[in-house]
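Enquirer: Output the structure for:
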Amino acid sequence: MYAESTGRKIWNVIYPVLALFVLYFAVVYGGIFLFTSASCAANGTLDDYMGKYFSIVAVIGLIIVTIVESIFFKNDYVVQSQSFKKKPLYLVSILLLGAAFSHGLNLLVSLFNINGIFDSYEAVEAEIFAPGVIFVIIRAVILAPIAEELVFRGLVFRRMKNYTSFWPAALVSSALFGLYHMNLAQGIYAFIFGIVLCEVYRRFNHLLAPMLLHFAANVLSVILTYTNAEYASQTMYIIFMVLTFAVSFAIYWFVIRKAKTE
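Expert: Below you'll find the predicted structure:
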């Protein structure tokens with residue numbers, strides 16, 4: 001065996017993220033170019049394209065990313081624990097933690113957003129949920145958790161953890177996860193949530209664990225967005241935010257933290 005150079009280690013950590021950006025945005029902006037050209041020929045506008053075609057090319061982009069990043073992941077010969085999938089308590093706890101913590105974190109981000117710190121958050125959220133519900137489910141609920149967990153936990157976090165320790169790996173992978181969202185409010189949310197995803201991955205040693213956590217978070221976000229759920233008062237808003245964090249901590253402390261997988 002040979003010792004890898006520092007440059008080689010950095011490249012091993014970074015290139016999955018570069019591949020994600022290149023593949024995904026090449027498909028999305030390539031689609032923008034093609035469909036915008038067609039729209040212009042038919043006296044359409046870019047807004048027409050965004051409403052009709054963005055969700056299609058975004059789904060195609062995520063499918064391509066998932067295939068390529070899966071190859072990278074398999075080439076690492078990763079040995080994953082299978083025991084947690086046989087324990088319903090772990091599966092249910094992961095789903096509940098994902099829903100509770102992500103909602104509490106969203107409430108916290110939105111609370112700051114009220115004061116005008118994150119003015120672009122609502123615009124980005126509206127863009128994400130503009131397409132029909134079917135495309136939102138395919139993109140945000142199914143493909144995004146798979147593709148993003150492959151990149152940021154399965155490759156970036158795990159590889160860096162092999163070179164350093166948990167916290168440097170979790171902070172770097174979560175920071176890259178935040179930058180990937182290209183929006184301040186979502187970036188802060190993704191950074192904090194990314195650390196939780198890394199911890200769940202560490203505890204269960206199987207990439208399905210953070211995928212399920214991510215899935216639960218996105219499912220709840222889609223449901224709340226389409227139902228336009230609101231709180232009766234800011235007091236109830238804050239109380240519920242505190243409760244979701246309390247529930248999240250209890251689930252982690254009494255179940256996730258004690259998880260022992262092969």
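
Enquirer: Return the set of buried residues in stretch 156-168.
Expert: Under the neighbour-count criterion of 16 or more other CB atoms under 10 Å, stretch 156-168 has 156-161 buried. Where C-beta positions appear, they are placed from N, C-alpha and C, glycine not excepted.

Enquirer: Out of those residues, which is nearest to L207?
Expert: Nearest to L207, judged by CB to CB, of the buried residues of stretch 156-168 is R158 at 8.5 Å.

Enquirer: what residues are up against the closest one?
Expert: 76, 78, 169, 201 (CB atoms under 8 Å, 6 or more residues apart in numbering).

Enquirer: Okay, and it sits in which element?
Expert: helix 158-163 (DSSP states H and E).

Enquirer: name the helices or strands packed onto the helix or strand following that helix?
Expert: Next along the chain after helix 158-163, taking DSSP H and E as the criterion, comes helix 166-180. On a contact count with 3 or more CB pairs under 8 Å, 6 or more residues apart in numbering; DSSP states H and E, helix 166-180 meets helix 6-41, helix 158-163, helix 184-204.

Enquirer: let's see 6 Å
Expert: Applying 3 or more CB pairs under 6 Å, 6 or more residues apart in numbering; DSSP states H and E, we find helix 166-180 packed against helix 158-163, helix 184-204.

Enquirer: For it, give me every contacting residue.
Expert: 17, 152, 156-157, 160-161, 187, 190-191, 194-195, 198 (CB atoms under 6 Å, 6 or more residues apart in numbering).

Enquirer: 7 Å instead?
Expert: Here helix 166-180 makes contact (CB atoms under 7 Å, 6 or more residues apart in numbering) with 17, 152-153, 156-157, 160-161, 187-188, 190-191, 194-195, 198, 202.

Enquirer: Many thanks, we can stop here.
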